[in-house]
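Asker: take a look and give me a structure for this.
(one chain, ligands or ions: 1)
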Amino acid sequence: MKSQADLPTLAVSGLTTEFPVAGGIVRPVDDVSFEVRRGQIMGLVGESGSGKSMTAWSIMGMVDAPGRISAGSIVFQGGDLRTLDERALRALRGDRIAMIFQDPATSLNPVLRIDTQMIEAITAHRPVGRRAAREMAREALARVGIASPEERLLAYPHQFSGGMRQRVAIAIAMLNRPDLIICDEPTTALDVTIQSQILGQMQALCREAGTALVWITHDLSVVAGFADTVAVMYAGRIVENGTVERVLRHPRHPYTHGLIASAPSRNPRGQPLPQIPGMVPALSALPDGCTFRNRCARATEVCRRVPPLEMLDGRQLRCFHPVMEEGA
Ligand SMILES: Nc1ncnc2c1ncn2[C@@H]1O[C@H](COP(=O)(O)OP(=O)(O)OP(=O)(O)O)[C@@H](O)[C@H]1O
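Answerer: As a prediction, the model looks like this:
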């Protein structure tokens, strides 16, 4: 029998989220499965529109109607989040599960001072006095590189720059040493030095506190330097998933291969990737079968069927024609 310690912190299986659109439905998240374990960092990568954010919102139970999760399970520490009511979910969010959004305004209350928000976030979940909570808040701001944290605690969110607000949001997410943090491109607005400082902080938190981290990004260089595993997403589906070492050194999916060859960190967002012809198609205009097939030089008739996510060469892969050349 498996003990609690052997269980992944988060096991997502067959997750599918759909939205009604004129003439049918679209699935921004389509049969997505992955696991993240204690202390592990998973990078979730893909071009803009591939469904990374929607995967995060789905896990957090924050898909707005008329969107809905139509299939799958989201097992957090052994229990399926889909079976919890809104109240139970809310209790987990902000305590054992934290999310850092692309837009820090989503996480911060504009009418409350930073100290009020941080002290509340601490005292709501543990028996700590206000004075001790304030000291923890001050330390948390200092850890994300905010100068004069004592003074900054007295400020309101609008008195910070966008990048500073993002750092405050990250500090708040880390306050209660949660079991799971999902970050949606939180550092793209920050300069490179601050970004690597924050990445280092988050990595240390994961290792020390056993926090599992899902890091959503379009930047493969961040994943390469910082994550343990990487799941590559394309048009709602995970196409390749394994250790950073295997997937980034020896990509087997033609999409991963193209993504690495075109070094997206050097390309502006939303621009076509030089190594991959075309752009991610609109969800309402996806080809049937493998959704990458009309951009893929290796596609054949068989790709009109949906490739299953199967183990190949030590990683999960969804492709009928993997790139197998060594050193590729
Ligand atoms: N309310 C909605 N109705 C229909 N489709 C939607 C809705 N919200 C999002 N989508 C679609 O879901 C897809 C996935 O979007 P998502 O924001 O998850 O992608 P992403 O990979 O996070 O991109 P980015 O890096 O730009 O944030 C997009 O094609 C988007 O148009």
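Asker: please, which helix or strand holds the residue nearest the centre of the chain?
Answerer: In the chain, the centroid-proximal residue (CA atoms, centre = their mean) is residue 216; its distance is 3.3 Å. Assigned by DSSP states H and E, residue 216 belongs to strand 212-217.
Asker: residue 46 and residue 220 touch, don't they?
Answerer: No. Here residue 46 does not reach residue 220: they are 10.2 Å apart, not a contact under CB atoms under 8 Å. Quick note: C-beta positions are derived from backbone N, CA and C, even for glycine.
Asker: looking at the two, which is more packed in?
Answerer: residue 46 (26 against 23; other CB atoms under 10 Å).
Asker: nearest residue to that one other than its sequence neighbours?
Answerer: residue 233 (3.7 Å; CB to CB, 6 or more residues apart in numbering).
Asker: the ligand contacts on the stretch 1-150 of the chain?
Answerer: Residues of the stretch 1-150 of the chain found near the ligand (CB under 6 Å from any ligand atom) are 19, 21, 26, 28, 46, 48-54, 67.
Asker: ok, those vs residue 128, which is closest?
Answerer: When these are ranked by distance to residue 128 (CB to CB), residue 53 comes first, at 32.8 Å.
Asker: now for the strand holding residue 216, which elements pack on it?
Answerer: Counting contacts by 3 or more CB pairs under 8 Å, 6 or more residues apart in numbering; DSSP states H and E, strand 212-217 is packed against strand 24-36, strand 41-45, helix 52-59, strand 180-184, helix 192-209, helix 220-226.
Asker: now do the last one: everything it contacts.
Answerer: Counting contacts by CB atoms under 8 Å, 6 or more residues apart in numbering, the residues outside helix 220-226 that touch it are 41, 43, 45, 187, 195, 199, 203, 215, 217, 230, 244, 248, 259-260, 263-265.
Asker: circling back to that earlier point, list only buried entries from the residues of the stretch 1-150 of the chain next to the ligand.
Answerer: Taking 16 or more other CB atoms under 10 Å as the criterion, what is buried in those is 19, 26, 28, 46, 49-54, 67.
Asker: okay, now residue 173: neighbour count?
Answerer: Neighbour number of residue 173 under other CB under 10 Å is 25.
Asker: show me the domain layout of this protein.
Answerer: In terms of domains, the chain is parsed into 10-96+178-317, 107-175 (source: the TED database).
Asker: ok, which stretches of this protein are strands?
Answerer: 10-21, 24-36, 41-45, 68-76, 79-80, 97-100, 180-184, 212-217, 229-234, 237-243, 310-312, 315-317 (DSSP state E).
Asker: filter the contacts of helix 220-226 down to the buried ones.
Answerer: So, by 16+ other CB under 10 Å, the buried ones in the contacts of helix 220-226 are 41, 43, 45, 187, 195, 199, 203, 215, 217, 230, 244, 248, 259-260, 264.
Asker: right, and residue 7 touches residue 79 too?
Answerer: No. Look at residue 7 against residue 79 with CB under 8 Å: they stay out of range, at 10.1 Å.
Asker: quick one, which of these two is more surrounded?
Answerer: residue 7 (16 against 12).
Asker: now the more buried one, nearest residue through space, not along the chain?
Answerer: Residue 7's closest residue in space is residue 78 (CB to CB, 6+ apart), at 5.3 Å.
Asker: how near is the one you found to residue 306?
Answerer: 30 Å (CB to CB, to the nearest Å).
Asker: before we move on, what about residue 22?
Answerer: For residue 22, the distance to residue 306 - CB to CB - is 24 Å.
Asker: for the two, indicate the residue with more neighbours.
Answerer: Remark: of residue 22 and residue 306, residue 306 carries more neighbours, 15 against 5, as counted by other CB under 10 Å.
Asker: pull the contacting residues for that one.
Answerer: Contacts of residue 306 (CB under 8 Å, 6+ apart): 288-290.
Asker: phi, psi for it please.
Answerer: The phi/psi pair for residue 306 (degrees, to the nearest 10) reads phi -80, psi 120.
Asker: before we move on, back to that, so what sits against both of residue 46 and residue 220?
Answerer: residue 259.
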